[in-house]
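[1] Predicted model follows, preceded by the sequence.
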Number of protein chains: 2
Amino acid sequence: MSQSNSEDVRAIRSTNLVEQVADHLTEAIIAGHYQPGERLSEMALARSLGVSRAPVREAARLLESRGLVVSQPRRGFFVRALDAAELEDVFDLRLCLERHAIERLALNYGEADRAALEHQVEVLCSLADDAGGSRRIEEDLKFHRLMITLGGNRRLLKAFNDLTHELRLCIALIAKTHESPESIAGSHRLLLDALASGDVGQCREAIDYHIGVARDYVVRSLDNSSLDKNGAAISGAAPGVSPEGEVLRVD
Amino acid sequence: MSQSNSEDVRAIRSTNLVEQVADHLTEAIIAGHYQPGERLSEMALARSLGVSRAPVREAARLLESRGLVVSQPRRGFFVRALDAAELEDVFDLRLCLERHAIERLALNYGEADRAALEHQVEVLCSLADDAGGSRRIEEDLKFHRLMITLGGNRRLLKAFNDLTHELRLCIALIAKTHESPESIAGSHRLLLDALASGDVGQCREAIDYHIGVARDYVVRSLDNSSLDKNGAAISGAAPGVSPEGEVLRVD
DNA sequence: GCCCCATAAACTGTCGACAGTCGGCAATCG
DNA sequence: CGATTGCCGACTGTCGACAGTTTATGGGGC
């Protein structure tokens, strides 16, 4: 992954190199061009993108804050490798955030909110057989972001966005999702119905079900994929890489 | 805030300049050495600390990811200015996270957990009249980190830690807290009792009360402090500074 | 006296370079 | 033949410098 293709060289150039490098790197990681745990060489990336190391370093820091890569002092950056336990944690946190968001929204649910969500569901359903399902995932996440936004807590939205990057990361690990449009539509309309009912308990039930389905799907796919390739494809690909070790210490 | 004191120059120096600069900056901001919305000059900071701009930039990026500063392209970094609405959001998110954590813990509450939490409460109570209360705030947060850690979701802990930096930020805005040790003790023992009962509802009630008290205290102090100094001390100190504008866009 | 514009200073974004450190490889010793 | 140690290459951490942009300053017009 260190060939200096001229296509890459011309791919970048306008304003804000850092953000562009970050976008490029994000896309490459999500697309699976790098293996989990793989080392990202600043020099190689800089050469490949035709920029100096400074923007690459800053972009890598950005991705680190988003949980897409981890850094080791004097060793550089590595593509974040999520294990099953971390995956569970990610979905558990997602549940935590979305429960709160939907309950907030249910307590203050207006016609405009309903219309906006309804519209997004239609957009989502209209993507019948899109390219690989990646677009569908984005529109799906957009629905959830919208729901959280309408809930009114912007800090909560930020927390969800942070988590979103990790969701994309683990989705990148599995085969492309191919959930049927009908199932997606039904799953989201359940949320709309719950919101319309104004019953907080029903909302909670709906979001629990919704996220539970997504979680099971990802976990199952992850199991399959890790079984496929020698079982060590996900965890332990890079020896000594312990993501967010800082988090461990309580004091 | 741009004098190049030699004391600062010698304050830094060993390994990992970025982290040291980040710590220094964090402490300075928390201590209130910079006004909310104040511009942080890379050059001035670099000169002041006796390092080059590169580590300062990376440290600033780190603080940005922690929500302590915000960046504007071509303009630099500014100390994050929290307004009342954002403060509400922060505490609402905290409530969301801690509710989830305590409920997880309640469902799997062991003797070791109880002992660890009990010990931390004792540590907290033993800090009767510590220096300015800053130490007390840290030990208080440590209790909550411990509770979340015992809950078992590490990603949740990371989310809380991120939020913690913003909590410190708004605490920095208000006068030093002087809650009585008895009140602190009681407030935390309420949580322990709720956990011991094993009743999720009681846990939720306890954490709601606990965080509600903290929120009211901070909000009240914030109101006072912003009334003190011409009402614009908190919001709008730097024109055009809109924190985390990225979060706004849903698509 | 106030506002607008031009000029100058200051600062950020980016770059290339140097030094210290880490990992791998080979030669040496047990 | 295996383990250890020293060396070599590669890479990260840090630095100083240059270019383009933003902000501050001062002069002129109304």
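    Arrived safely.

[2] and the residue of the stretch 51-200 of chain A found nearest chain B, how many neighbours?
    Closest contact between the stretch 51-200 of chain A and chain B, by CB to the nearest CB, is at residue A:65 (3.4 Å). C-beta coordinates here come from the backbone N, C-alpha and C atoms, glycine included. Using other CB atoms under 10 Å in any protein chain shown, residue A:65 has 17 other residues around it.

[3] Over to residue A:220?
    11.

[4] just checking, it is part of a helix?
    Yes - counting by DSSP: H, G, I helix; E, B strand; the rest coil, residue A:220 falls inside a helix.

[5] Report the separation between it and residue A:87.
    11 Å (CB to CB, to the nearest Å).

[6] Write out the residues of chain A neighbouring chain B.
    Residues of chain A lying near chain B by CB under 8 Å from any CB of the partner chain: A:15-16, A:54, A:57-58, A:61-62, A:65, A:73, A:86, A:89-90, A:92-93, A:95-97, A:99-100, A:104, A:142, A:145-146, A:149, A:153-159, A:161-163, A:166, A:244, A:247-248, A:250-251.

[7] Let me see the contact set for residue A:190.
    A:206, A:209, A:210 (CB atoms under 8 Å, 6 or more residues apart in numbering or on different chains).

[8] Count the neighbours of the second one for me.
    By the measure other CB under 10 Å, the count of residues near residue A:209 is 14.

[9] if I've got this straight, it is in a strand?
    No - counting by three-state DSSP, residue A:209 falls outside a strand, being helix.

[10] Who are the contact partners of it?
    Neighbours of residue A:209 in contact, by CB under 8 Å, 6+ apart: A:187, A:190.

[11] Helices along chain A, start to end?
    Counting by DSSP state H, one finds helices in chain A at the ranges A:6-11, A:17-30, A:42-49, A:53-65, A:84-106, A:111-126, A:134-151, A:154-173, A:181-197, A:200-228.

[12] Mean pLDDT added to the ones you listed, as TSV?
    Output for those, formatted as TSV (pLDDT from 0 to 100):
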stretch	mean pLDDT
helix A:6-11	37
helix A:17-30	94
helix A:42-49	95
helix A:53-65	96
helix A:84-106	96
helix A:111-126	93
helix A:134-151	92
helix A:154-173	90
helix A:181-197	87
helix A:200-228	84
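
[13] possible to save those as TSV with distance to residue B:35?
    As requested, the helices of chain A are exported to TSV (distance: least, CB to CB, whole Å):
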stretch	distance to residue B:35
helix A:6-11	42
helix A:17-30	27
helix A:42-49	36
helix A:53-65	25
helix A:84-106	32
helix A:111-126	38
helix A:134-151	30
helix A:154-173	22
helix A:181-197	42
helix A:200-228	41
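
[14] Which one of these lies nearest to residue B:193?
    Ranking the helices of chain A by proximity to residue B:193 (CB to CB) places helix A:84-106 first, at 23.4 Å.

[15] what comes up buried for the closest one?
    Neighbour-count burial for helix A:84-106 flags A:86-87, A:89-106 (criterion: 16 or more other CB atoms under 10 Å in any protein chain shown).

[16] and the residues of chain A next to chain B near DNA strand D, which?
    A:54, A:57, A:73 (CB under 7 Å from any atom of the strand).

[17] any idea how far the second one is from residue B:61?
    Looking back up the chat, that one is residue A:57. 9 Å.

[18] Equivalent analysis for residue A:154, please.
    In terms of CB to CB, residue A:154 sits 21 Å off from residue B:61.

[19] neighbour-wise, which of those two wins?
    Using other CB under 10 Å, the more surrounded residue of residue A:154 and residue B:61 is residue B:61, with 23 against 19.

[20] Might one say that that one is in contact with residue A:63?
    No - with contact defined as CB atoms under 8 Å, residue B:61 does not count as touching residue A:63 (11.3 Å).

[21] was I right about the residue of the stretch 51-200 of chain A closest to chain B contacting residue B:58?
    No - the pair residue A:65 / residue B:58 is not scored as a contact, 11.3 Å apart, by CB under 8 Å.

[22] who touches whatever residue of the stretch 51-200 of chain A ends up closest to DNA strand D in this structure?
    Closest contact between the stretch 51-200 of chain A and DNA strand D, by CB to the nearest atom of the strand, is at residue A:76 (3.2 Å). Under the criterion of CB under 8 Å, 6+ apart, the neighbours of residue A:76 are A:39, A:40, A:41, A:42.

[23] repeat that with 10 Å
    Contact analysis of residue A:76 by CB atoms under 10 Å, 6 or more residues apart in numbering or on different chains lists A:39, A:40, A:41, A:42, A:43, A:57, A:60, A:69.

[24] Residue A:201 too?
    Residue A:201 touches A:103, A:106, A:194, counting by CB under 10 Å, 6+ apart.

[25] what does residue A:106 give?
    A:113, A:151, A:194-204, A:206.

[26] Weed out the non-buried ones from these.
    Judged by 16+ other CB under 10 Å, buried ones among the contacts of residue A:106: A:113, A:151, A:194, A:195, A:196, A:202, A:203, A:204, A:206.

[27] correct me, but the third one touches residue A:210?
    Yes - contact criterion CB atoms under 10 Å: residue A:194 and residue A:210 qualify, at 9.5 Å.

[28] So for these two, which residues contact both of them?
    residue A:102.

[29] What does the pLDDT read for residue A:180?
    On pLDDT, residue A:180 comes in at 70.

[30] Same question for residue A:1.
    pLDDT, residue A:1: 37.

[31] now do residue A:81
    90.

[32] Give the burial count for it, as a bare number.
    22.

[33] quick one on the thing from earlier: dump the ones next to DNA strand D among the residues of chain A next to chain B to JSON lines, plus neighbour count.
    Output for those, formatted as JSON lines (neighbours: other CB atoms under 10 Å in any protein chain shown):
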{"residue": "A:54", "neighbour count": "15"}
{"residue": "A:57", "neighbour count": "22"}
{"residue": "A:73", "neighbour count": "9"}
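
[34] which among these gets closest to DNA strand C?
    residue A:54 (3.9 Å).

[35] isn't residue A:183 right next to residue A:213, touching?
    Yes - at 8.4 Å, residue A:183 counts as touching residue A:213 under the criterion of CB under 10 Å.

[36] who's more crowded, the two?
    Taking other CB under 10 Å, residue A:183 and residue A:213 do not tie; residue A:213 has more neighbours (14 against 10).

[37] distance of the more buried one from DNA strand D?
    To DNA strand D, residue A:213 is 40 Å away according to CB to the nearest atom of the strand, to the nearest Å.

[38] Hmm, that residue is touching residue A:191, no?
    No - using CB under 10 Å, residue A:213 is not in contact with residue A:191; the gap is 11.7 Å.

[39] can you list the residues of chain A near DNA strand D?
    A:39-44, A:53-54, A:57, A:71, A:73-77.

[40] okay, and the common contacts of residue A:57 and residue B:61?
    residue A:18.

[41] Walk me through the domains of chain A.
    A:7-80, A:84-228 (automatic domain parsing).

[42] now those as TSV including distance to DNA strand C?
    Formatted as TSV, these follow (distance: least, CB to the nearest atom of the strand, whole Å):
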stretch	distance to DNA strand C
domain A:7-80	3
domain A:84-228	21
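
[43] Any chance of TSV for the ones you listed, columns distance to residue B:138?
    Shown next, in TSV, are the domains of chain A (distance: least, CB to CB, whole Å):
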stretch	distance to residue B:138
domain A:7-80	23
domain A:84-228	22
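
[44] can you tell which of those is closest to residue B:32?
    Of all those, domain A:84-228 sits nearest to residue B:32, with 21.9 Å by CB to CB.
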